[in-house]
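*Asks:* Sequence first, then the predicted structure, then my questions.
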Protein chains: 2
Amino acid sequence: MRYELYYWPSIQGRGEFVRLALEEAGADYVDVARAGEAEDGTEAMMRLLDGKTVERPPFAPPFLKAGRLLIGQTANILLFLGERHGLAPAGEGGRLWAHQLQLTTADFLQEVHDTHHPIASGLYYEDQRKEARRRAADFLAERAPKFLGYFEEVLRHNPAGDKHLVGARLSYPDLSLFQMVAGLRYAFPRAMARLERRIPRVVALHDRVAARPRIAAYLASERRIPFNEEGIFRHYPELDAAP
Amino acid sequence: MRYELYYWPSIQGRGEFVRLALEEAGADYVDVARAGEAEDGTEAMMRLLDGKTVERPPFAPPFLKAGRLLIGQTANILLFLGERHGLAPAGEGGRLWAHQLQLTTADFLQEVHDTHHPIASGLYYEDQRKEARRRAADFLAERAPKFLGYFEEVLRHNPAGDKHLVGARLSYPDLSLFQMVAGLRYAFPRAMARLERRIPRVVALHDRVAARPRIAAYLASERRIPFNEEGIFRHYPELDAAP
């Protein structure tokens, strides 16, 4: 069975967390809105978002078609893929712990988004730049250190070793933490250079994930969309202030 | 086995979504920070948040102790309770769909929170009042109608009938949608009076949940903390503008 991933064709965004899991799993998938004519793909995506014709419409992309299943919400898709492809522990405790870490990553990601869109996601950045400066300053001084420090502690206290967030094997939250570090480096290079000194285990995890053969091949391919200022991780130098 | 729920003792907040599920399930639980001396309970909660001594520390409350399991993230706790107490379908498709709806509710709730804290959760409302006005206006004009309209469509197109979000039985996302309506009515009575005209099925679901014997008994009890201006749903009249 070939998975169909539906997400915006020009950004990494939330879809990237799903792409990384599909790539690491070596899964057969098509990135629908990027395949063939981009407009057709995006139209197909919009049709599946239509609550009037779809029995279980997603609220927003990304979503994944897996046979008869249509699965929305990034963390929910990863819950599904984790179970199917061995990217999460099989036991109840480990499965819930992996999902808990993923949901914490989702909260972290939302706060990254809000650094450039603190007032309204429907408005341009330029229309909320002043508020963005205030929010980004708080994010870099308080929130990013808190989230990154949390993951550092989780790695440090993992009884199976500090190479993975959950147990002794790679799981989908590891892939997502890699993406958070990569994105934060792009968006806030100055702040991250400072922050990274206090999270050596998180940085090492990022590097190990990047070096995994399937991930490395993906990152070097055309399938990896470059970071840009339409996505969630945006580089606006005026927001990358010294705390 | 008695569950231990850990959450702030003076607000409904995110913990309320867990309380509603525990109450509907008729589960044996103790709301630790509210039991006995409040200070001791809150201290016990803070100890479990300490990443230096706890193997799988939650990032933030609420979290649930269930025997040896310590489970954090509201939606993750509900995933667990839903499976244990028949508050979600047993099959994979229904289970994922219920969780997807819960995660969409979590996104909705975060946007409610940000109406009064658009800049920093660590600052007082009074220090971000101007930005809150802008964000709340957008929330009431764009986001709340979009989320509520989405749930209305989900109910309308549920092939098992419009009484529940998932299939023909109550599931945890129904309880959470009840709480969203109750909270929005408290926070934005003027805006909700208008918005509710377009979401009759959502309103009817709210009323049916409120009338369920265990939920009705809970809502009438001292265990239901009143809404207040420390929680997520806050009534600041200046934010309840006409769209």
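*Replies:* Thanks, I have it. Numbering: from 1, shown residues only, chains lettered A, B, ... in the order given.
*Asks:* Wait, a helix at A:A21?
*Replies:* Yes: under DSSP: H, G, I helix; E, B strand; the rest coil, A:A21 sits within a helix.
*Asks:* Skipping adjacent residues, who's closest to A:A182 in space?
*Replies:* Take A:A182 and drop its neighbours on the chain: the residue closest to it by C-beta to C-beta, 6 or more residues apart in numbering or on different chains is A:H206, 6.8 Å away. C-beta coordinates here come from the backbone N, C-alpha and C atoms, glycine included.
*Asks:* Could I get the average pLDDT for the helix or strand containing the one you found?
*Replies:* Per DSSP states H and E: A:H206 is located in helix A:200-211. The predicted model assigns helix A:200-211 a mean pLDDT of 98.
*Asks:* Just the CA coordinates for that helix, please, in PDB.
*Replies:* Output of helix A:200-211 as PDB, limited to C-alpha atoms (Å, rounded to 0.1, in the frame of the first residue of the first chain):
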ATOM      1  CA  PRO A 200      24.900  18.800  24.400                       C
ATOM      2  CA  ARG A 201      22.700  15.700  24.400                       C
ATOM      3  CA  VAL A 202      20.000  17.300  22.300                       C
ATOM      4  CA  VAL A 203      22.600  18.500  19.800                       C
ATOM      5  CA  ALA A 204      24.200  15.100  19.600                       C
ATOM      6  CA  LEU A 205      20.900  13.500  19.000                       C
ATOM      7  CA  HIS A 206      20.300  16.000  16.100                       C
ATOM      8  CA  ASP A 207      23.600  15.000  14.600                       C
ATOM      9  CA  ARG A 208      23.000  11.300  14.900                       C
ATOM     10  CA  VAL A 209      19.600  11.600  13.300                       C
ATOM     11  CA  ALA A 210      21.000  13.700  10.500                       C
ATOM     12  CA  ALA A 211      23.600  10.900   9.800                       C
END
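*Asks:* and the helix ranked longest in chain A, is it in reach of chain B?
*Replies:* When chain A is parsed with DSSP state H, its longest helix is helix A:92-116. Yes: applying C-beta under 8 Å from any C-beta of the partner chain, one finds helix A:92-116 touching chain B at A:92-93, A:96-97, A:99-100, A:103-104, A:107, A:110, A:114.
*Asks:* for chain A, which spans come out with low pLDDT?
*Replies:* Confidence mapping of chain A against pLDDT under 70 gives the ranges A:37-39, A:51, A:242-243.
*Asks:* now the helices for it?
*Replies:* For chain A, the helices defined by DSSP H occupy A:15-25, A:38-48, A:74-84, A:92-116, A:129-138, A:144-157, A:172-187, A:189-195, A:200-211, A:213-219.
*Asks:* Including mean neighbour count, could these go into CSV?
*Replies:* Listed next are these as CSV, based on neighbours: other C-beta atoms under 10 Å in any protein chain shown:
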stretch, mean neighbour count
helix A:15-25, 24
helix A:38-48, 15
helix A:74-84, 24
helix A:92-116, 22
helix A:129-138, 20
helix A:144-157, 20
helix A:172-187, 23
helix A:189-195, 16
helix A:200-211, 17
helix A:213-219, 14
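*Asks:* now for those, which one comes closest to B:V30?
*Replies:* Counting by C-beta to C-beta, B:V30 lies closest to helix A:92-116 out of these; the figure is 20.5 Å.
*Asks:* okay, stretch A:70-84 in PDB with CA atoms only?
*Replies:* The C-alpha atoms that make up stretch A:70-84 are tabulated as PDB, following Å, rounded to 0.1, in the frame of the first residue of the first chain:
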ATOM      1  CA  LEU A  70      -7.700   9.400   6.500                       C
ATOM      2  CA  ILE A  71      -5.600  10.500   9.500                       C
ATOM      3  CA  GLY A  72      -5.100  14.200  10.500                       C
ATOM      4  CA  GLN A  73      -3.100  16.000  13.200                       C
ATOM      5  CA  THR A  74       0.600  15.500  13.000                       C
ATOM      6  CA  ALA A  75       1.100  13.800  16.300                       C
ATOM      7  CA  ASN A  76      -1.800  11.400  15.500                       C
ATOM      8  CA  ILE A  77      -0.300  10.500  12.200                       C
ATOM      9  CA  LEU A  78       3.000   9.800  14.000                       C
ATOM     10  CA  LEU A  79       1.200   7.700  16.600                       C
ATOM     11  CA  PHE A  80      -0.200   5.600  13.700                       C
ATOM     12  CA  LEU A  81       3.100   5.400  11.800                       C
ATOM     13  CA  GLY A  82       5.100   4.700  14.900                       C
ATOM     14  CA  GLU A  83       3.000   1.600  15.600                       C
ATOM     15  CA  ARG A  84       3.100   0.400  12.000                       C
END
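*Asks:* what about A:F63, distance to B:L87?
*Replies:* 24 Å (C-beta to C-beta, to the nearest Å).
*Asks:* same check, this time on A:A182
*Replies:* Look at A:A182 and B:L87: by C-beta to C-beta, they are 38 Å apart.
*Asks:* Just want the phi and psi numbers for A:P58.
*Replies:* A:P58 adopts backbone torsions of phi -70, psi 160, taken as degrees, to the nearest 10.
*Asks:* Touching, it and A:L70? I think so.
*Replies:* Yes: A:P58 is within contact range of A:L70, at 7.0 Å (criterion: C-beta atoms under 8 Å).
*Asks:* between those two, what contacts are shared?
*Replies:* Listed as contacting both A:P58 and A:L70 by C-beta atoms under 8 Å, 6 or more residues apart in numbering or on different chains are A:L48.
*Asks:* What count of nearby residues applies to A:D28?
*Replies:* Neighbours of A:D28 under the rule other C-beta atoms under 10 Å in any protein chain shown: 9.
*Asks:* again with A:G161
*Replies:* Counted with other C-beta under 10 Å, the neighbours of A:G161 add up to 9.
*Asks:* and what of A:H85?
*Replies:* By other C-beta under 10 Å, 15 other residues sit near A:H85.
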